[in-house]
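K.L.:
Below is the sequence, then the predicted model.
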Amino acid sequence: MRGRVFVIGLGLIGGSLALCIKEKHKDAAIIGYDINAEQARLAKMIGVIDETADSIEEGASEADLIIISTPVTVAEQILEALSRMALKKGVIITDTGSTKTTIIRKASCLTSRGIHFIGGHPMAGSHKSGVTAAKSILFENAFYLFTPDKNSSEDAFERLMAWLEGTKAKFLSVSPEEHDYLTGVISHFPHIIAASLVHQAAAAEEDSNLVSRLAAGGFRDITRIASSSPEMWRDILLHNKEVLMDLLKNWQFEMQRVLEILETGDGEEIYHYFEKAKNYRDGLPSKEKGAIPAFYDLFVDVPDYPGSISEITGYLAREKINITNIRILETREDVYGVLVISFQNEEDRARAEECINHYTKFETQIG
Ligand SMILES: NC(=O)c1ccc[n+]([C@@H]2O[C@H](COP(=O)([O-])OP(=O)(O)OC[C@H]3O[C@@H](n4cnc5c(N)ncnc54)[C@H](O)[C@@H]3O)[C@@H](O)[C@H]2O)c1
Ligand SMILES: O=C(O)C(=O)C[C@]1(C(=O)O)C=C[C@@H](O)C=C1
């Protein structure tokens, strides 16, 4: 498609969408604006956008598509500002915010003027912020939620889908309320818990400085998201307050139950508590990104680590196959172990398996 795309907020998500759009629509002009001039400069320098705009007004006036990708309370102010500007006829405005009910309510200042606004939320991300973390592959296989309503133009919605085709995400429409409830359960509330676990460990550190030294494996896995942007998460909590307060009450009730079965020392109940959780968790679709990111892992049975790692990464580099992570599953010494190599997508993993099978006799298995 040809046209001008204006991205407001050149961070992880705005930057990644800009890359996806450019990849699919080579003739489109991608203009960007960020309140942080350094981010905007960086976005242009690394080729995430074609041009920077000096103000929202300048970038918006000629745009065919406007993407707002700032923290959600800022997005509200931007919607208000856009509603006072002269915009191109037929322009589509969308956002990427993690909450929808308040945004959609606010967007009535545009829709009441006949301007197309379709709320959006690509359900993939990272604890990293900023344009340097942006990548075009971020949304592949992830759900991309939209909240069009009965008054939304079908033609505008179809044009938006066409613009966003390069995300390779799975588009799904839900109501704003359903959106906020679902994301409250699987994204926003877990974030509160991750932060609370970190607070608990930090408090325990006052008794023993071994806490941070021992905080590895499981603790790091479950608290990774606590390293995300506090500004973004403050805004999400403010927008989804009611849902989160209800979930917090349910959680307190649940924790009370755990306290009771622990107090009574009921082993069977404790077993069932974990068994039920394991069964549900194991049954979650592993290929889909979203609440649980897909990890394209390849397991390689290796005799000794130091030599094998450099040998294998050497072969992968020779074939230009990117790896996203590499780790060892077995940490005991003198025991044959398993190397776990993660890739960005299925295709890279399949190429890597072929490459390792070609150059070595190590056994491989897809995880
Ligand atoms: N990070 C994730 O995992 C994720 C995933 C999906 C959706 N989202 C949502 O997408 C939005 C952006 O998140 P992100 O992770 O890209 O954040 P980010 O911090 O990486 O980027 C946000 C950018 O917005 C800019 N900004 C702030 N106020 C602005 C203003 N008034 N005008 C112009 N630019 C302004 C910031 O300078 C920053 O560069 C948020 O609403 C977030 O809830 C985040
Ligand atoms: O992977 C992460 O770091 C995320 O927190 C991503 C995550 C999520 O909770 O799944 C966070 C917020 C966004 O609205 C969407 C995606």
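P.N.:
Thanks, I have the structure now. The structure displayed is predicted, hence computed values, not measured ones. Ligands and ions are numbered 1, 2, ... in the order given.
K.L.:
what's the nearest residue to Ile225 if we skip its chain neighbours?
P.N.:
Ala194 (4.9 Å; Cβ to Cβ, 6 or more residues apart in numbering). (C-beta placed from N, C-alpha, C; glycine too.)
K.L.:
what about that neighbour, neighbour count?
P.N.:
18 (other Cβ atoms under 10 Å).
K.L.:
just the one 5 residues further on next, same as before
P.N.:
Per other Cβ under 10 Å, the neighbour tally for His199 reads 11.
K.L.:
Give me the contacts around the helix or strand in which it is found.
P.N.:
When secondary structure is defined using DSSP states H and E, the element that contains His199 is helix 189-205. Contacts of helix 189-205 with the rest of the structure, by Cβ atoms under 8 Å, 6 or more residues apart in numbering, involve 211-212, 215, 219, 222-226, 228, 233, 236-237, 244, 247-248, 251, 291.
K.L.:
Separate out the buried members of these.
P.N.:
The neighbour-count test (16 or more other Cβ atoms under 10 Å) applied to these identifies 211, 215, 223, 225-226, 228, 233, 236-237, 244, 247, 291 as buried.
K.L.:
Closest one of those residues to Lys135?
P.N.:
For the buried ones among the contacts of helix 189-205, the minimum distance to Lys135 (Cβ to Cβ) is 16.6 Å, reached by Ser228.
K.L.:
right, and the closest one touches His127 too?
P.N.:
Yes - with the criterion set as Cβ atoms under 8 Å, Ser228 and His127 qualify as a contacting pair; they are 4.3 Å apart.
K.L.:
So which of the buried ones among the contacts of helix 189-205 belong to helices?
P.N.:
211, 223, 233, 236-237, 244, 247 (DSSP state H).
K.L.:
Report the entries of those that also contact ligand 1.
P.N.:
Contacts with ligand 1 within those, as defined by Cβ under 6 Å from any ligand atom: Ile236.
K.L.:
Alongside ligand 1, which residues does this structure contribute?
P.N.:
So the chain meets ligand 1 at 8-14, 33-36, 39, 69-72, 74, 96-98, 121-122, 125-126, 129-130, 229, 232, 236 (Cβ under 6 Å from any ligand atom).
K.L.:
Check the contact lists of Ser228 and His127 and give me the overlap.
P.N.:
Contact criterion Cβ under 8 Å, 6+ apart; no residue bridges Ser228 and His127 by contacting each.
K.L.:
residue in the stretch 201-350 of the chain nearest to ligand 2?
P.N.:
Evaluated by Cβ to the nearest ligand atom, the stretch 201-350 of the chain has Ile225 as its residue closest to ligand 2, separated by 4.5 Å.
K.L.:
if I look at that residue, how far off is Leu247?
P.N.:
The span separating Ile225 from Leu247 equals 16 Å under the rule Cβ to Cβ, to the nearest Å.
K.L.:
cool, Lys170 as well?
P.N.:
Remark: distance between Lys170 and Leu247 (Cβ to Cβ) = 25 Å.
K.L.:
now do Gly218
P.N.:
Distance of Gly218 to Leu247, given as Cβ to Cβ: 23 Å.
K.L.:
just Leu12 next, same as before
P.N.:
Counting by Cβ to Cβ, the separation of Leu12 from Leu247 is 25 Å.
K.L.:
Same question for Ser129.
P.N.:
Here Ser129 is placed at a distance of 25 Å from Leu247 (Cβ to Cβ).
K.L.:
and if you look at Asn209?
P.N.:
34 Å.
K.L.:
go on, Tyr181?
P.N.:
The gap separating Tyr181 from Leu247 is 9 Å, by Cβ to Cβ.
K.L.:
got a pLDDT number for Lys24?
P.N.:
At Lys24 the predicted local confidence, pLDDT, stands at 97.
K.L.:
so Ile366 makes contact with Phe299?
P.N.:
Yes - checked against Cβ under 8 Å, the pair Ile366 and Phe299 is within contact range at 7.5 Å.
K.L.:
These two - which one has more neighbours?
P.N.:
Regarding Ile366 and Phe299, a neighbour count based on other Cβ under 10 Å identifies Phe299 as having more, with 16 against 11.
K.L.:
For the helix or strand where that one lies, which strands pair with it and how are they oriented?
P.N.:
Counting by DSSP H and E, the secondary-structure element that holds Phe299 is strand 296-302. Next to strand 296-302 in the sheet, as set by DSSP bridges, lie strand 337-343 (antiparallel), strand 363-366 (antiparallel).
K.L.:
For Pro176, grab the count of nearby residues.
P.N.:
A count of nearby residues for Pro176, using other Cβ under 10 Å, gives 19.
K.L.:
That's all I had, so thanks and see you.
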